[in-house]
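Undergrad: what's the 3D shape of this:
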Amino acid sequence: MAGSSDASFGTARKLSSAKAREFAIVDNFKYGYRNREDVTNLPPGVLIVGSQNVLTNVSERVQIRQGYSLDGLVSMLAAPVLASFDFLTRGNGEVHLRAGGLTSAGNDGKMQYRYVAGDGTVTWRDLLTGLSSVAFNFTTFWRTDESLRVALFVNGQSEIQEWNGATATLASSDNIAGHVATVDATPTNGGTGYAVGNILTITTGGTNGKVQVLTVDGSGAVLTVALTQIGSGYSTGTGKATSGGSGTSATIHITAVATGQIVISGTTGVADSGFYVSSDQNLIINGNTYAYTNVFGNSFLGISPDATGEAVDSVIINAVITTPNAAMSGITATFQNGLIATMNNQVFLGALNSSVMWLSKVNDYTDYTSSTPRQVGEGGSLVLDENLVAFVVQGNPTSPTMYISGTDVWYTVTFTDFTNVDSSSGQTLGAVAIKTGKQQGAQSQAMVSSMKNNTILVSGEPTIDQIGVMENYFTQIQTKNISDPIKLDVDSYDFTDASIFYFKYFIYVAVPKNGVVRVYNLVTNSWEAPQTLPISRFYIVDGDLYGHSYSTFESYKLFTGYADRVYPGFSGFPIAANWVFSYENYGSRFTYKKANAFYVEGYINPNTTLTVTLNYELDGCKTSRTMTLSGNNQQFVCLSAAEGSLGKTSLGKIKLGGDMTPSIQGLPPKFRWIPTFTNKDFFEVNFEFSVLGVNERMELLAFGLNAAGSSQEPVQNKD
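TA: Numbers count the residues shown, from 1 in each chain. Here you go, the predicted structure:
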């Protein structure tokens, strides 16, 4: 980038145009933050190194970022969240998973799910415990046999694990024998005189078992029935007598009975709640495992062991299903599944120590076999030139493409239909390398994500890139480096355990080893200042951005309030916000300037103290001048009556924290401040603003110095 005359940034006011008491105003902040060029070569209004925890808003003001509050319970466990996943159930309910908590013990890692109680209380509950690795990767898959969307996950073991995300609470349980589990839809004897909708009570052998008449013939003989009440004390068999209804002599066939039931609360049945309905599945209640054989309505049936000791309102989930490679078809039994993705309901598997990619059959993630020649929808495998690092699906929904990252090379997976001369046909599975160079592959699966029509990633170089069909490049896939404006920052970062995420026209890069989150604004195509947030992974709840902690086994709602790590009983830690702007020379690098006042305009909470520092020159010649403004100073701040002094307003009518925002824009009070000071001649100067406190708020609208040419001449080297 060029210096201050770069047309893309505008130009600084020349000293020759300065008038008495005129301020060279900097406003309309839209250039963001940069760390690549010399800070004296940048135009006014660019944030530079030293800036943190401030963001450019849509009104082109630069504001303190909002803080974060706990999502769940406080944890004192100093062990990070290192993996997370969000997916939607069949009914589009949100499911959120996190894995972490692994300490030096090496065997105490956990996978947990986010649970919201009826009163809104959030907890993270154990799904898997005793883990020696929490480096999970995830995908979703549609179980056609269950009509459920499930999460599949791997962590380097020779297995795939599955969970459906269903939760419910316990209404009641029993250990009574003879519950009717299923009946034959066709009666043993249809009888006569029945009508559709009649309820028939099964009278042979038990009590309170009922069926409903679904169809009858012209004489009122029952043609089909459906179970409506399971009763108890029954046994299987044909010819079970019934009573009730408008006819006589109908008998039915009980095909299965079960001992014990668990009933879930609410009006939504077991199947519609997203639980598995096939036989021989397990439930988890308070860490205890219970098998069930059937479901009916709100009930799980055939419970083993006896579950009557579980407390009412206990949370119920399905157990995780684990399928080892040895129980699958076509895949190497010892293959260490470390990467997983889904496209067109076929699962792609990779290992972090292998160049092999496996592809499952459509609708069956346990079958990787194929015919000769291979047919459409069958499994298969590919051997690439590098070990696999990441999968990502990109493209439109009707024609998606699977991208595979190696260390250096990116590939697209191809499916090519063919017909041989003997009229046999099939489909070839292949991979085509994209034109990329050394270290252009992703650093990890977590450092790859989708963003609208492109893929975003952190490469091994390192750079932060977009891959996809770029504007003006027709259909050619291109790689675009968007991190060049902050190159010096990126080069200094340790990207261990980092992740990348797209949300509402922003790209978020968590660099947890350095304790920062970097934000790229796609509206302005610029980077925001570093945000000091202890985040390793991101997730979305009800349309809001959340993050998982790298410091403790906790999770947070991000950008809420104006304090960090807020939770009930604790008002949070202060946010250290710094606006540090590029140096200004007012159009001349080699002449002295003078100034005795500056101007600052913005919005400030009454409880907030703003510190302004003028830094003259740079490095060894740097000297500074610092002044402060209190947000309750009515001489400069436009305070409303509601925010008046304690002497004018009773304590019962105002908040001492000063967080009232009567502005029609929802902003704090407006301020204009023009401090004066003794002149000090200078070549270049920069402005630095800072705020430190809990629930303090300030938005910078404009600033400037009344700089003019000095009569003093710089010292010159003469012959």
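
Undergrad: can you give me the strands for the stretch 201-350 of the chain?
TA: With strands called from DSSP state E, counting those that start in this stretch, the stretch 201-350 of the chain shows them at 207-216, 222-232, 237-243, 251-258, 261-264, 281-285, 288-292, 294-296, 299-301, 315-318, 321-324, 339-343, 346-350.

Undergrad: and Gln531, which of these is closest to it?
TA: strand 339-343 (29.4 Å; Cβ to Cβ). For the C-beta atoms, the positions are set from N, CA and C on the backbone; glycine is no exception.

Undergrad: Spatially nearest residue to Gly156 (excluding sequence neighbours)?
TA: Excluding its sequence neighbours, the residue lying closest to Gly156 (Cβ to Cβ, 6 or more residues apart in numbering) is Gly338, at 4.6 Å.

Undergrad: bridging residues for the residue positioned nearest the centre of the chain?
TA: With distances taken as Cα atoms, centre = their mean, the chain has Tyr539 as the residue nearest its mean C-alpha position (1.8 Å). Per DSSP bridges, the residues bridged to Tyr539 are Tyr546.

Undergrad: can you list contacts of stretch 129-139?
TA: Identification of contacts with stretch 129-139 by Cβ atoms under 8 Å, 6 or more residues apart in numbering yields 82-83, 85, 87, 97, 99-102, 106-111, 151-157, 338-342, 347, 445.

Undergrad: actually stretch 402-413, not the one I wrote
TA: Applying Cβ under 8 Å, 6+ apart, the contact partners of stretch 402-413 are 341, 343, 348, 350, 355, 357, 382, 384-394, 401, 429-434, 436-442, 448, 455, 457, 460, 467, 477.

Undergrad: Return the list of helices and strands in contact with the lowest-mean-pLDDT helix or strand in the chain.
TA: Within the chain, confidence by mean pLDDT, DSSP states H and E is lowest for strand 477-481 among all helices and strands, at a mean of 80. Packing partners of strand 477-481 (3 or more Cβ pairs under 8 Å, 6 or more residues apart in numbering; DSSP states H and E): strand 464-469.

Undergrad: who does the strand it packs on touch, helix- and strand-wise?
TA: With contacts taken as 3+ Cβ pairs under 8 Å, 6+ apart, strand 464-469 sits against strand 454-458, strand 477-481.

Undergrad: Which residue, other than its chain neighbours, is closest to Gly260?
TA: Nearest to Gly260 is Ile303, by Cβ to Cβ, 6+ apart, at 3.5 Å.

Undergrad: List the residues that contact that neighbour.
TA: Ile303 touches Ser173, Asn175, Ala258, Thr259, Gly260, Gln261, Ile262, Tyr290, Ala291, Tyr292, counting by Cβ under 8 Å, 6+ apart.

Undergrad: ok, now with 10 Å
TA: Ile303 is in contact with 173-175, 179, 258-262, 283, 290-293, counting by Cβ atoms under 10 Å, 6 or more residues apart in numbering.

Undergrad: One more: Ala105?
TA: Residues near Ala105 by Cβ under 10 Å, 6+ apart: Ala79, Ser132.

Undergrad: just the helices in the protein please.
TA: For the chain, the helices defined by DSSP state H occupy 487-492.

Undergrad: still on that earlier bit, quick one, which of the strands of the stretch 201-350 of the chain gets closest to Phe590.
TA: That would be strand 339-343 among the strands of the stretch 201-350 of the chain, by Cβ to Cβ, at 57.9 Å.

Undergrad: now that closest one, how far from the centre of its chain.
TA: Per Cα atoms, centre = their mean, to the nearest Å, the displacement of strand 339-343 from the mean C-alpha position of its chain is 18 Å.

Undergrad: Which secondary structure elements does that strand sit against?
TA: If you count contacts as 3 or more Cβ pairs under 10 Å, 6 or more residues apart in numbering; DSSP states H and E, strand 339-343 packs onto strand 137-143, strand 148-154, strand 346-350, strand 356-359, strand 390-394, strand 401-405.

Undergrad: domains for the chain, by residue range?
TA: 15-66+577-709, 170-174+261-323, 179-258 (automatic domain parsing).

Undergrad: Which of those domains sits closest to Tyr115?
TA: Comparing the domains of the chain by Cβ to Cβ, domain 170-174+261-323 comes nearest, at 6.4 Å.

Undergrad: State the mean pLDDT of the closest one.
TA: The average of the pLDDT scores along domain 170-174+261-323 is 95.

Undergrad: That one: end-to-end distance?
TA: Using Cα to Cα, to the nearest Å, one end of domain 170-174+261-323 lies 28 Å from the other.

Undergrad: for the stretch 501-650 of the chain, what spans make up the strands?
TA: 506-511, 516-521, 526-527, 535-541, 544-549, 555-558, 564-566, 575-580, 593-594, 598-604, 609-616, 623-630.

Undergrad: So Ala442 sits against Gly460, correct?
TA: Yes. Ala442 is within contact range of Gly460, at 7.7 Å (criterion: Cβ atoms under 10 Å).

Undergrad: And the two? Which one has more around it.
TA: Neighbours per residue (other Cβ atoms under 10 Å) separate Ala442 from Gly460, with Ala442 holding more: 28 against 19.

Undergrad: The more buried one and Ile317, how far apart?
TA: Per Cβ to Cβ, to the nearest Å, Ala442 is found 33 Å from Ile317.

Undergrad: ok, back up a step: hey, which of the helices and strands packed on strand 464-469 is tucked in deepest?
TA: strand 454-458 (a mean of 25; mean count of other Cβ atoms under 10 Å).
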